[in-house]
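[1] Got a predicted model here, sequence first, then my questions.
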Amino acid sequence: MPASKPKLRSQQWFGTNDKNGFMYRSWMKNQGIPEHEFDGRPVIGICNTWSELTPCNAHFRKLAEHVKRGVYEAGGFPVEFPVFSSGESNLRPTAMLTRNLASMDVEEAIRGNPIDAVVLLCGCDKTTPALLMGAASVDVPAIVVTGGPMLNGKLDGKDIGSGTVVWRLHESLKAGEIDLHQFLSAEAGMSRSAGTCNTMGTASTMACMAEALGVSLPHNAAIPAVDARRYVLAHMSGMRIVQMALEDLTLSKILTRQAFENAICANAAIGGSTNAVIHLKAIAGRIGAPLELEDWTRVGRDIPTLVDLQPSGRFLMEEFYYAGGLPAVLRRLGEANLLPHPQALTVNGQSIWDNVRTAPTHGDEVIRPLDRPLLADGGIRILRGNLAPNGAVLKPSAATPELLKHRGRAVVFESFDHYKATIGDESLEVDKDSILVLKNCGPRGYPGMAEVGNMGLPPKLLRQGVKDMVRISDARMSGTAYGTVVLHIAPEAAAGGPLAAVRNGDWIELDCAAGRLHLEIGDEELLLRLRELGTAVAPVAAVAAGSGGYARLYVDHVLQADEGCDLDFLVGRRGADVPPHSH
């Protein structure tokens, strides 16, 4: 440790011999904590999203123990605390609804307690952005430790990817290609170990984003959850956070504009989830880094997709780690001068380039070379037009190339319930060239912006051999999903956006290369339709929030998808000033 210690927040609790110091120390000692732990050493919070209702994070008790070992070894004082766990697989109507709630929990838990620095234990999709958002608003030293991906799923002796296989098999079931027994036989083999989805879904994407942003140690993103090296990384992160506290290496020194541009390029290279667009915008909004939707085009355009992983490619996260993980990807980008800011600072005190310049790559199949990419231009596409004046997104690496320039007639679903009730109707007027349009599934309309944008295709077309169609909505989709799916249309229908005015039979043009999404009606007709709708779209959000509580708070204050879907009053840094005494 340095000869002179910095002034630590925790000393305003534990560092005095008056009534308050007595009380804070005394009650902590009922846990068997000895006197010398209060000698001025850094107090390290371990922010834990463990929950048996969040299966991805159900092994975090053990992970936390390894973090504590590292903290103790480095001379720190670890204190573990729970926060709301937004689990993707069980939480209804969507974990996205409670991402902001969890971030509030994190922010206030850090600010109101004797914590000098924090280890963020996250994994399942929304837990990573939620913890980073909350910690960014406080702006203390913080380091991310994710739980790691599951082992490869297995079915009939072959590898299957979590999430992705569900969408694929369900379409096969509706097409009559498999029976119910075959469909259900994948259940036991898909999730066969602790950890997050083993595809490049949102959980793995956000773990990669944390590493590319510089807020986790190298290799954090890809080490399998049950690999002993995951626990070694947790131990080393515990050691490192003590030094970060002493160095006052806060998040604002790492989460810079340059770090976010590196992350955008990394997302293109890994074929990452469209959800990263919303989450990175929200994190940037909390820390105060300027980040706009167009940056995904300006920075991410012409970045090749190098990682051959499901849902875009063939392999799974196990193979990705064995092939070299994210450091190998960043090295290949850096050597091709495609990493915008190689000198960006990371939590270990070194630049991102120092961390990866000698990273090995094992083979060229999982992490492909620059001259043989999975997709030459793989970045997230930002689309605009009269149907999405504030933007929409599409993931080319998961789409059908022939559909990326397409014109078709709209088949409109006013809500997800309407879609479910009619998609299987044999009399539905739809063909392979139609464009499926789903409304009222955005941040306010659902509420929470559920992952329903990758609408399953009409069974009658599946039986004809149709495998993909253009789908458009104000919803999100799972990072494990695939298809030619336009998402995050802003403004959403429930906020009076042009999507609300689309009618059955309208012609819509998609031109991915040109970034164009156009409803082929005149401007006057579009305005007339929106005037006729008037406030008719507003009750959608009002009904969703009718029960009051957090849902009402969310609907009243949520920002649109292009702004990160944060609550308007949460944007920005509020700092780590110590609150007044409680007694």
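    Great, that's in hand.
[2] Please enumerate the strands of the stretch 151-300 of the chain.
    Under the criterion DSSP state E, counting those that start in this stretch, the stretch 151-300 of the chain contains strands at 153-155, 158-160.
[3] for the stretch 451-583 of the chain, same thing?
    Under the criterion DSSP E, counting those that start in this stretch, the stretch 451-583 of the chain carries strands at the ranges 470-473, 485-486, 507-511, 516-519.
[4] Paired strands for the third one, with orientation please.
    Looking at strand 507-511 with DSSP bridges, its paired strands and their directions are strand 405-413 (antiparallel), strand 516-519 (antiparallel).
[5] what pLDDT, on average, does that strand get?
    Per-residue pLDDT values across strand 507-511 average out to 98.
[6] related to what we said a few turns ago, minimum distance to Ala203: which of the strands of the stretch 451-583 of the chain has it?
    In terms of CB to CB, the element of the strands of the stretch 451-583 of the chain nearest to Ala203 is strand 485-486, at 19.0 Å. All C-beta spots, glycine's among them, are computed from the backbone N, C-alpha and C.
[7] So what touches the closest one?
    With contact meaning CB atoms under 8 Å, 6 or more residues apart in numbering, strand 485-486 is reached by 383, 388, 392-395, 398-399, 453-454, 470-473, 477, 510, 517.
[8] thinking again about what came up before, mind checking which of the strands of the stretch 151-300 of the chain is nearest Ala576?
    Shortest distance between Ala576 and the strands of the stretch 151-300 of the chain, using CB to CB, is found for strand 153-155: 42.1 Å.
[9] hang on, the earlier thing: could the strands paired with strand 507-511 be laid out in CSV, adding mean neighbour count?
    Listed next are the strands paired with strand 507-511 as CSV, based on neighbours: other CB atoms under 10 Å:
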stretch, mean neighbour count
strand 405-413, 19
strand 516-519, 21
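[10] Show me the helices in the stretch 451-583 of the chain, by range?
    Using DSSP state H, counting those that start in this stretch, the helices of the stretch 451-583 of the chain run over 459-462, 523-533, 538-544, 549-557.
[11] Now do the phi/psi pair for Val145.
    With angles defined as degrees, to the nearest 10, Val145 sits at phi -130, psi 110.
[12] so what's Glu335 up against?
    By CB under 8 Å, 6+ apart, the contact set of Glu335 is empty.
[13] okay, the closest residue to Cys124 other than its chain neighbours: pLDDT?
    Leaving out its chain neighbours, the residue that sits closest to Cys124 by CB to CB, 6 or more residues apart in numbering is Cys56, at 3.7 Å. The model reports Cys56 with a pLDDT of 94.
[14] just the one 10 residues further on next, same as before
    If you check His66, the pLDDT there is 98.
[15] hang on, the earlier thing: closest to Ile287 out of the strands paired with strand 507-511?
    Nearest to Ile287, of all the strands paired with strand 507-511, is strand 516-519, at 30.3 Å by CB to CB.
[16] now for the lengthiest helix in the chain, which elements pack on it?
    When the chain is parsed with DSSP state H, its longest helix is helix 228-247. If contacts are counted by 3 or more CB pairs under 8 Å, 6 or more residues apart in numbering; DSSP states H and E, helix 228-247 sits against strand 43-48, helix 60-73, strand 117-122, strand 142-146.
[17] Can you say which of these is nearest to Ile352?
    With respect to Ile352, and counting by CB to CB, the nearest of the helices and strands packed on helix 228-247 is strand 142-146 at 14.5 Å.
[18] Distance from the chain centre to the closest one, please.
    On the basis of CA atoms, centre = their mean, to the nearest Å, strand 142-146 sits 15 Å off its chain's mean C-alpha point.
[19] returning to that earlier point: quick one: which of the strands of the stretch 451-583 of the chain is nearest Thr358?
    Nearest to Thr358, of all those, is strand 485-486, at 38.6 Å by CB to CB.
[20] strands paired with that closest one, and their directions?
    The pairing partners recorded for strand 485-486 under DSSP bridges are strand 470-473 (parallel).
[21] Spatially nearest residue to Gly325, not counting backbone neighbours?
    Among residues not flanking Gly325 along the chain, Ala222 sits closest, at 3.8 Å (CB to CB, 6+ apart).
[22] just to revisit the earlier point, export the helices and strands packed on helix 228-247 to a markdown table and append columns for mean neighbour count and distance to Arg99.
    A markdown table is the format used below for the helices and strands packed on helix 228-247 (neighbours: other CB atoms under 10 Å; distance: least, CB to CB, whole Å):
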| stretch | mean neighbour count | distance to Arg99 |
| --- | --- | --- |
| strand 43-48 | 26 | 15 |
| helix 60-73 | 20 | 18 |
| strand 117-122 | 30 | 11 |
| strand 142-146 | 30 | 16 |
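[23] returning to that earlier point: any figure for the gap between the residue nearest to Cys124 and Leu462?
    When distance is defined by CB to CB, to the nearest Å, Cys56 is 30 Å away from Leu462.
[24] So if I had to pick from these two, which one is more boxed in?
    Each of Cys56 and Leu462 has its neighbours counted (other CB atoms under 10 Å); Cys56 has more, 30 against 18.
[25] ok, the more buried one - contacts?
    Counting by CB under 8 Å, 6+ apart, the residues that Cys56 touches are Gly87, Glu88, Ser89, Gly123, Cys124, Thr127, Gly147, Gly195, Thr196, Cys197, Ala203.
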